[in-house]
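Chemist: coordinates only, sequence not included:
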């Protein structure tokens with residue numbers, strides 16, 4: 001072993017070939033704690049204490065694994081310099097960052113976001129190490145900054161600026177419709193169902209995609225919903241329903257109300273009554289749920305916004321916990337007693353009737369992207385323009401970005417047209433209730449307006465939306481929110497927005513000679 005490594009208590013640590021012995025491993029350790037092992041197979045006690053610290057344990061599972069991986073890279077770099085981590089200097093971290101981020105000799109350079117995450121991981125670790133007297137001073141350079149509320153906070157000095165639209169892209173509403181029809185419903189470019197299309201879990205995948213696009217929920221927020229958390233209460237006479245996403249499922253660990261189109265809620269209901277119900281019955285018949293380790297039989301869920309879940313463990317122990325404090329892993333273990341045996345409360349199930357991991361949605365979207373490419377890629381005789389897009393490419397996060405863009409345009413349309421506001425009235429309305437940018441910020445659950453404006457709505461920051469809307473024809477009837485012409489103009493004037501007519505149609509004269 002030539003590099004530092006990290007093992008995890010309760011998973012790859014137990015019974016893994018090559019894992020060193022840890023005397024007293026069960027003392028003070030919990031499942032999910034990190035154990036750091038040096039290149040000479042020695043366990044570092046100080047690093048292990050960090051892996052068991054309250055600072056490290058408070059992170060989510062994904063953050064713990066990311067931060068531990070980042071720390072292992074730095075430890076290996078320091079070892080190559082024959083330097084122990086307790087001897088790390090600020091110049092060591094600068095050299096590490098230079099190699100990772102900008103050194104021409106490094107073919108695997110990382111981007112600004114990854115470099116900044118690594119710096120945040122190091123800052124957290126060395127702050128803990130300094131507090132516990134392992135190092136005299138943290139080698140991570142910080143400075144004091146005064147926030148808008150007047151509070152003084154420590155800010156990392158060497159953060160790299162992140163390009164607003166880096167890794168982000170948007171699809172117009174009609175591009176999403178095309179992606180769903182071809183990628184998830186198995187249609188051809190002519191709108192016919194492809195011969196041999198089986199459509200397994202088609203209704204589940206369509207329901208999830210439409211929910212994300214119409215609500216702006218993150219992958220984990222939408223992917224960890226329970227059956228009783230789906231939006232079903234209509235917002236007055238509008239086309240939207242609302243629900244509540246629990247605190248532990250969100251990135252900010254703060255519960256919030258979310259809104260989804262009534263069409264997406266009908267898709268969810270249809271899925272629950274068809275393929276989901278079929279998968280549950282099949283799993284019950286095969287006794288799969290009786291074999292679920294740690295199954296929790298829910299006896300009651302209290303009503304109201306602050307719900308409490310009561311359940312019984314397999315050994316008869318009765319437990320209760322606030323719904324907002326249950327992690328997505330906890331949620332996968334929640335079952336209710338149905339007419340034919342236990343049934344999972346987790347909404348999205350795989351073909352075996354078991355909870356689908358939120359990360360598994362990435363594979364569903366990848367498969368749909370490949371299907372769109374196969375169906376819409378220009379024929380061999382067409383010279384493809386590298387600056388054009390011929391098929392829609394989507395991710396779960398793109399659904400959230402597209403939601404933000406659509407809501408901004410829709411809210412502007414409501415203010416400028418539905419209410420017929422003058423410029424003066426528009427300013428007054430903005431001061432009274434907040435402008436559309438602030439409304440979208442609230443819908444996305446962002447802590448600051450800056451993230452909403454600079455990243456999620458980067459393509460339209462430079463555009464005059466009011467003028468854009470004035471140029472478009474006034475939509476009629478039920479399609480009042482389907483501003484296809486507005487989005488077509490956005491796609492022509494902005495980078496990163498996919499629209500089927502603008503970016504996905506081969507040029508007529510693009511025939512190979």
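Modeler: That came through, no problem. These numbers were taken from a predicted model, which means no experiment stands behind them.
Chemist: This structure: strands as residue ranges?
Modeler: Assigned by DSSP state E, the strands in the chain fall at 5-8, 34-37, 142-146, 152-156, 170-171, 233-234, 240-245, 256-261, 296-301, 308-312, 318-322, 334-338, 341-344, 497-498.
Chemist: Leaving out the residues flanking it, which one is nearest to residue 112?
Modeler: Among residues not flanking residue 112 along the chain, residue 160 sits closest, at 3.9 Å (C-beta to C-beta, 6 or more residues apart in numbering). To be clear about C-beta, it is placed using only N, CA and C from the backbone, and glycine gets the same treatment.
Chemist: tell me the contacts of the one you found?
Modeler: Counting by C-beta atoms under 8 Å, 6 or more residues apart in numbering, residue 160 touches 101, 112, 115, 116.
Chemist: Touching, the second one and residue 158? I think so.
Modeler: No. In this structure, residue 112 is not within contact of residue 158 by C-beta atoms under 8 Å, at 11.3 Å.
Chemist: thinking again about what came up before, most neighbours per residue, which of the strands of the chain?
Modeler: Counting by mean count of other C-beta atoms under 10 Å, strand 170-171 has the highest mean neighbour count of those, with a mean of 30.
Chemist: for that one, packing partners?
Modeler: Contact here means 3 or more C-beta pairs under 8 Å, 6 or more residues apart in numbering; DSSP states H and E; on that basis strand 170-171 packs against helix 396-413, strand 497-498.
Chemist: closest one to residue 42 among those?
Modeler: helix 396-413 (40.5 Å; C-beta to C-beta).
Chemist: ok so, going back, how about the strands of the chain, which one is nearest residue 224?
Modeler: Nearest of the strands of the chain (C-beta to C-beta): strand 240-245, 9.0 Å.
Chemist: So which residues make contact with the closest one?
Modeler: 217, 221, 225, 229-235, 255-262, 265, 305.
Chemist: tell me how far it is from the chain's mean position?
Modeler: From the chain centre to the centre of strand 240-245 is a distance of 18 Å (C-alpha atoms, centre = their mean, to the nearest Å).
Chemist: For residue 399, which residues are in contact?
Modeler: Taking C-beta under 8 Å, 6+ apart, we find residue 399 in contact with 176, 209, 212, 213, 216.
Chemist: what's the burial count for residue 375?
Modeler: 18 (other C-beta atoms under 10 Å).
Chemist: Residue ranges in the protein under the pLDDT threshold?
Modeler: For the chain, applying pLDDT under 70 flags the ranges 1, 11-28, 145-152, 162-168, 235-238, 380-389, 409-487, 489-496, 501-513.
Chemist: I'd like the distance between residue 345 and residue 247.
Modeler: Distance, residue 345 to residue 247, by C-beta to C-beta, to the nearest Å: 18 Å.
Chemist: for stretch 3-11, the distance to its chain's centre please.
Modeler: 25 Å.
Chemist: Let me fix that, I meant to ask about stretch 270-287.
Modeler: The answer for stretch 270-287 is 27 Å, by C-alpha atoms, centre = their mean.
Chemist: Run through who's touching it.
Modeler: Identification of contacts with stretch 270-287 by C-beta under 8 Å, 6+ apart yields 201, 203-204, 207, 227, 289, 338, 340-344, 347, 349-354.
Chemist: Now restrict those residues to buried residues only.
Modeler: Taking 16 or more other C-beta atoms under 10 Å as the criterion, what is buried in the contacts of stretch 270-287 is 201, 203-204, 207, 289, 341-344, 347, 349, 353-354.
Chemist: Reformat the strands of the chain into JSON lines and put distance to residue 51 next to each item.
Modeler: Formatted as JSON lines, these follow (distance: least, C-beta to C-beta, whole Å):
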{"stretch": "strand 5-8", "distance to residue 51": "8"}
{"stretch": "strand 34-37", "distance to residue 51": "3"}
{"stretch": "strand 142-146", "distance to residue 51": "23"}
{"stretch": "strand 152-156", "distance to residue 51": "22"}
{"stretch": "strand 170-171", "distance to residue 51": "39"}
{"stretch": "strand 233-234", "distance to residue 51": "44"}
{"stretch": "strand 240-245", "distance to residue 51": "30"}
{"stretch": "strand 256-261", "distance to residue 51": "32"}
{"stretch": "strand 296-301", "distance to residue 51": "28"}
{"stretch": "strand 308-312", "distance to residue 51": "30"}
{"stretch": "strand 318-322", "distance to residue 51": "25"}
{"stretch": "strand 334-338", "distance to residue 51": "29"}
{"stretch": "strand 341-344", "distance to residue 51": "32"}
{"stretch": "strand 497-498", "distance to residue 51": "43"}
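Chemist: Of all these, which one is nearest residue 130?
Modeler: Closest among the strands of the chain, using C-beta to C-beta: strand 142-146, at 11.3 Å.
Chemist: Helices along the stretch 201-350 of the chain, start to end?
Modeler: 202-215, 219-223, 262-273, 275-285, 328-331 (DSSP state H, counting those that start in this stretch).
Chemist: Residue 184 is nearest to which of these?
Modeler: The closest of those to residue 184 is helix 202-215. By C-beta to C-beta, the value is 4.7 Å.
Chemist: and that closest one, what other elements does it pack with?
Modeler: helix 219-223, strand 256-261, helix 262-273, helix 275-285, helix 361-376, helix 396-413.
Chemist: any chance of those in a markdown table, plus distance to residue 321?
Modeler: Listed next are the helices and strands packed on helix 202-215 as a markdown table, based on distance: least, C-beta to C-beta, whole Å:
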| stretch | distance to residue 321 |
| --- | --- |
| helix 219-223 | 19 |
| strand 256-261 | 20 |
| helix 262-273 | 25 |
| helix 275-285 | 24 |
| helix 361-376 | 26 |
| helix 396-413 | 28 |
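Chemist: Compute the number of surrounding residues for residue 39.
Modeler: Around residue 39 there are 14 other residues, counting by other C-beta under 10 Å.
Chemist: give the contact list for it.
Modeler: If a contact means C-beta under 8 Å, 6+ apart, then residue 39 has 1, 2, 3, 4, 76, 79 as its contacts.
Chemist: what about 10 Å?
Modeler: Contacts for residue 39 (C-beta atoms under 10 Å, 6 or more residues apart in numbering) come out as 1, 2, 3, 4, 5, 75, 76, 79, 80.
Chemist: Grab the nearest non-local neighbour of residue 267.
Modeler: Closest residue to residue 267 apart from its sequence neighbours, by C-beta to C-beta, 6+ apart: residue 207 at 3.8 Å.
Chemist: distance of the one you found from residue 335?
Modeler: The spacing between residue 207 and residue 335, counted by C-beta to C-beta, is 21 Å.
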